[in-house]
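S.K.: This is a predicted model, with the sequence first.
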Protein chains: 2
Amino acid sequence: MTSGKTYDVVGVGNAIVDVLARVPDSFLENAGVEKGIMQLIDADRAVELYGMMGPAREISGGSAANTIAGLGMLGDKAAYVGKVKDDQLGAIFAHDIRALGVTYETPLAPKSVEGDETGRCMVLVTPDGERSMNTYLGVSNHLSPDDIDEEMMAQASWIYLEGYRHDGPDSLAAFSKAVKAAKNAGGKVALTLSDPFCVDRHRDEFLRMCREELDLLFANEHEIVALFQTATLEDALDRAKEELPMAAVTVGPAGVYVIQNGRMVHAPAAPMSRVDATGAGDLFAAGFLHGLVKGRNMLTCGTMGCVAAGEAISHIGARPEEDLKDLFARFGLNG
Amino acid sequence: MTSGKTYDVVGVGNAIVDVLARVPDSFLENAGVEKGIMQLIDADRAVELYGMMGPAREISGGSAANTIAGLGMLGDKAAYVGKVKDDQLGAIFAHDIRALGVTYETPLAPKSVEGDETGRCMVLVTPDGERSMNTYLGVSNHLSPDDIDEEMMAQASWIYLEGYRHDGPDSLAAFSKAVKAAKNAGGKVALTLSDPFCVDRHRDEFLRMCREELDLLFANEHEIVALFQTATLEDALDRAKEELPMAAVTVGPAGVYVIQNGRMVHAPAAPMSRVDATGAGDLFAAGFLHGLVKGRNMLTCGTMGCVAAGEAISHIGARPEEDLKDLFARFGLNG
């Protein structure tokens, strides 16, 4: 399956450095952090929360960036679009994604401009492996149409859009430019819903995208129910079957339902230990998209997603640590 | 054992953020990195090496800072002196050590001064768990006597000096000020030799300190042999017995020899898996010093050192991840 395009997948999202720390459940309560979700926080709250946190480690993150990092590691032709500042955390973010062979050319917000720095997410990991995320978007929120290179989008077999990235002032204009450039050149469009609260903030736009633009939707069980506002997961899956050409709906330890052209298959989760759920959904998308660009069937795509997600939850941090190619080989998914 | 002093231990060293990545052995060869040691590198080499490295994670480091972080986690009254810049990595370093209850008040190098940034160490971890360190000292190398608070040193039961910190232009003056202030107030002085090459650079000064100043020397087998330039470890241990009131000489997986007043005892290494040797010596010193400030016997101090070192090698990064108090309790070392 060679497309003749320069890129298999181009991702667009919030460029973020994760600040990860293990905490007891009591910390979440004391700090007023809601468990298991992503909360947007402002600079003051970021300072307050960081001051309360114990020692942390910094690992590049960002939902779509994690996905694209996974694709880069798998040897796919991948590019990423997301905004950092010309500061130390921005340099770390750029290094870590480029080191995986990913094209990353989004203009830096200049050092001379006071104010927002490179975005960061304080990820609090409780003993059960759940992660509670507190995101200061910083300059990642200022991605504008000027940052979207139409030629890059036209050279993408797939563009992969992050739901979280819909929060910014210029987001719709930036996404619209990217989608048009990709579609006009015969490219396909995928969206990840990111989280149920993100769906609540942008439901109308996401539903419009489902009707008019999407070739593939990524969601977990909570997000798909939030999107279609159905009573049950089954109802939401039925809606997805009717309204979307392709969808991958993850159901945690139960694996994933993959929908294509009205049919649905199930792939089980990979048997890996759960240390930190950060990045599970992001790496699921990486494995799934890798299967797609390699022309594999839906069951294999779903299984690749589950195995990559299993890698992500087996250690602290969202970026893959084990070589995903080796991992896929161990699970009999290569060749 | 309460000393009436404000601090049990005050450490002085290079304030560094570690940039850790797993690499195959072939990477070391291709990049011209000598395995298993610490090499000082300049800014150009730091850029070159970082450009060759894969994705990394950032975790606060610095040899004496790791030791002091361990003491902070153990609940001892600890302070740290080492220089960072007013930049993002400097803020990370300061947060991570203060979050453990450590007093850290060294003046920041101001943001407005161009040039050196907060120091960093590219730590390349090979599959055997060995780490090869490449350190760009940055502003940590500019610690001067002005950064030494004599009152803080006078309020220290122990000051703990990092061998690596002898490399800077004002190092001798800064250490001299610290040692005088501590000794004049009845405090004791410990030195860690850091590595054999560091010993080669500063042997005369370290031998002078052994004769005139030290109450305790930390070294591993290679460093103590380099210091005394003996043919065998046994000969070096004999010299330490003759010339030092107290010394702890680690011998890797064989544990540690602890010398006090001409007598020597052996404590075995703790049975922990070896993932990454970064910080093993630093955390040994933390465990040992904790025992000392708690008034424990030499065998217990040595065992505490070995258990803390075992924690450090069981994961990526030099700072403790497991609560050392809990770990000591599991090994029957509390109370």
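M.R.: Perfect, I can see it now. Numbers count the residues shown, from 1 in each chain, chains lettered A, B, ... in the order given.
S.K.: quick one: average confidence on stretch A:122-134?
M.R.: Mean pLDDT, stretch A:122-134: 94.
S.K.: Quick one: check that stretch for contact with chain B.
M.R.: No. Under the criterion of C-beta under 8 Å from any C-beta of the partner chain, stretch A:122-134 makes no contact with chain B; the nearest approach is 11.1 Å. Using the backbone N, CA and C atoms, a C-beta is placed for each residue, glycine as well.
S.K.: Start and end of that stretch, how far apart?
M.R.: Separation of the first and last residues of stretch A:122-134 by C-alpha to C-alpha, to the nearest Å is 5 Å.
S.K.: Enumerate the positions of it that are buried.
M.R.: Within stretch A:122-134, the residues that count as buried by 16 or more other C-beta atoms under 10 Å in any protein chain shown are A:Met122, A:Val123, A:Leu124, A:Val125, A:Thr126, A:Gly129, A:Glu130, A:Arg131, A:Ser132, A:Met133, A:Asn134.
S.K.: What are the contacting residues of stretch A:224-242?
M.R.: With contact meaning C-beta atoms under 8 Å, 6 or more residues apart in numbering or on different chains, stretch A:224-242 is reached by A:193, A:196, A:199-200, A:203, A:206-207, A:210, A:217, A:219, A:221, A:247, A:249, A:251, A:257, A:259, A:262-264.
S.K.: Low-confidence regions, the stretch 201-335 of chain A specifically.
M.R.: In the predicted model of the stretch 201-335 of chain A, residues A:335 satisfy pLDDT under 70.
S.K.: about what we covered before: now, of the contacts of stretch A:224-242, which are buried?
M.R.: Buried, going by 16+ other C-beta under 10 Å: A:193, A:196, A:199, A:206, A:210, A:217, A:219, A:221, A:247, A:249, A:251, A:257, A:259, out of the contacts of stretch A:224-242.
S.K.: near chain B too, which of those?
M.R.: When contact is defined as C-beta under 8 Å from any C-beta, the buried ones among the contacts of stretch A:224-242 do not meet chain B at all.
S.K.: could those go into TSV alongside secondary structure?
M.R.: TSV is the format used below for the buried ones among the contacts of stretch A:224-242 (DSSP: H, G, I helix; E, B strand; the rest coil):
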residue	secondary structure
A:Leu193	coil
A:Pro196	helix
A:Val199	helix
A:Phe206	helix
A:Cys210	helix
A:Leu217	strand
A:Ala219	strand
A:Glu221	helix
A:Ala247	strand
A:Val249	strand
A:Val251	coil
A:Tyr257	strand
A:Ile259	strand
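S.K.: Nearest to chain B among those?
M.R.: Of all these, A:Leu193 has the smallest distance to chain B: 26.1 Å, by C-beta to the nearest C-beta.
S.K.: Not counting residues beside it along the chain, what's closest to that closest one?
M.R.: Leaving aside its sequence neighbours, A:Leu193 sits nearest to A:Glu223 (C-beta to C-beta, 6 or more residues apart in numbering or on different chains; 3.9 Å).
S.K.: what are the phi and psi angles of the residue lying farthest from the centre of chain A?
M.R.: Each residue of chain A has a distance to the centre, and by C-alpha atoms, centre = their mean the biggest one is for A:Ser112: 29.9 Å. Main-chain dihedrals, A:Ser112, degrees, to the nearest 10: phi -70, psi -20.
S.K.: Tell me how far it lies from A:Leu137.
M.R.: Distance from A:Ser112 to A:Leu137, counting by C-beta to C-beta, to the nearest Å: 20 Å.
S.K.: that's a strand at A:Val189, yeah?
M.R.: Yes. Assigned with three-state DSSP, A:Val189 falls within a strand.
S.K.: re earlier: any idea how far the residue farthest from the centre of chain A is from chain B?
M.R.: 13 Å (C-beta to the nearest C-beta, to the nearest Å).
S.K.: got it, and A:Asp147?
M.R.: 22 Å.
S.K.: same deal with A:Ser26?
M.R.: Going from A:Ser26 to chain B by C-beta to the nearest C-beta gives 14 Å.
S.K.: Can you report how many residues lie near that residue?
M.R.: Here the number of neighbours of A:Ser26 (other C-beta atoms under 10 Å in any protein chain shown) works out to 9.
S.K.: what is the rounded mean pLDDT of the host helix or strand of it?
M.R.: If you go by DSSP states H and E, A:Ser26 is part of helix A:25-31. Per-region confidence: helix A:25-31 scores 97 on mean pLDDT.
S.K.: Just the buried positions in it, please.
M.R.: Residues A:Phe27, A:Leu28, A:Ala31 are the ones in helix A:25-31 that count as buried (16+ other C-beta under 10 Å).
S.K.: Pull the number of nearby residues for the residue lying closest to A:Gly61 once chain neighbours are set aside.
M.R.: Of all residues not flanking A:Gly61 in the chain, A:Asp18 sits nearest, at 3.5 Å (C-beta to C-beta, 6+ apart). Other residues lying near A:Asp18 total 26 when counted by other C-beta under 10 Å.
S.K.: And the helices in the stretch 201-335 of chain A?
M.R.: Using DSSP state H, counting those that start in this stretch, the helices of the stretch 201-335 of chain A run over A:221-228, A:233-243, A:280-293, A:298-313, A:324-330.
S.K.: and the stretch 201-335 of chain A, which residues reach chain B?
M.R.: Proximity of the stretch 201-335 of chain A to chain B, by C-beta under 8 Å from any C-beta, involves residues A:Gly317, A:Arg319, A:Glu321.
S.K.: Out of those residues, the closest to chain B would be?
M.R.: Looking across those and measuring by C-beta to the nearest C-beta, the closest to chain B is A:Arg319, at 5.9 Å.
S.K.: Name the residues of stretch A:177-190 that are buried.
M.R.: For stretch A:177-190, a neighbour-count test (16+ other C-beta under 10 Å) marks A:Lys177, A:Ala178, A:Val179, A:Ala181, A:Ala182, A:Lys183, A:Gly187, A:Lys188, A:Val189, A:Ala190 as buried.
S.K.: For the last one, which residues count as its bridge partners?
M.R.: Using DSSP bridges, the beta-bridge partners of A:Ala190 come out as A:Tyr160, A:Leu216.
S.K.: can you tell me which residues contact it?
M.R.: A:Trp158, A:Ile159, A:Tyr160, A:Leu161, A:Leu214, A:Asp215, A:Leu216, A:Leu217, A:Phe218, A:Ala285, A:Leu289 are the contacts of A:Ala190 under C-beta under 8 Å, 6+ apart.
S.K.: change it to 6 Å
M.R.: Listed by C-beta atoms under 6 Å, 6 or more residues apart in numbering or on different chains, the contact set of A:Ala190 reads A:Trp158, A:Tyr160, A:Leu216.
S.K.: Where does the first one sit, in terms of helix or strand?
M.R.: Just to be clear, that refers to A:Trp158. Under the criterion of DSSP H and E, A:Trp158 resides in strand A:156-162.
S.K.: Quick one: mean pLDDT for that strand?
M.R.: Across strand A:156-162, pLDDT averages out at 98.
S.K.: Give me the helices and strands touching it, please.
M.R.: Packed against strand A:156-162 by the contact rule (3 or more C-beta pairs under 6 Å, 6 or more residues apart in numbering or on different chains; DSSP states H and E) you find strand A:7-12, helix A:63-73, helix A:171-184, strand A:188-192.
S.K.: how about JSON lines for the ones you listed, with mean pLDDT added?
M.R.: Shown next, in JSON lines, are the helices and strands packed on strand A:156-162 (pLDDT from 0 to 100):
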{"stretch": "strand A:7-12", "mean pLDDT": "98"}
{"stretch": "helix A:63-73", "mean pLDDT": "98"}
{"stretch": "helix A:171-184", "mean pLDDT": "97"}
{"stretch": "strand A:188-192", "mean pLDDT": "98"}
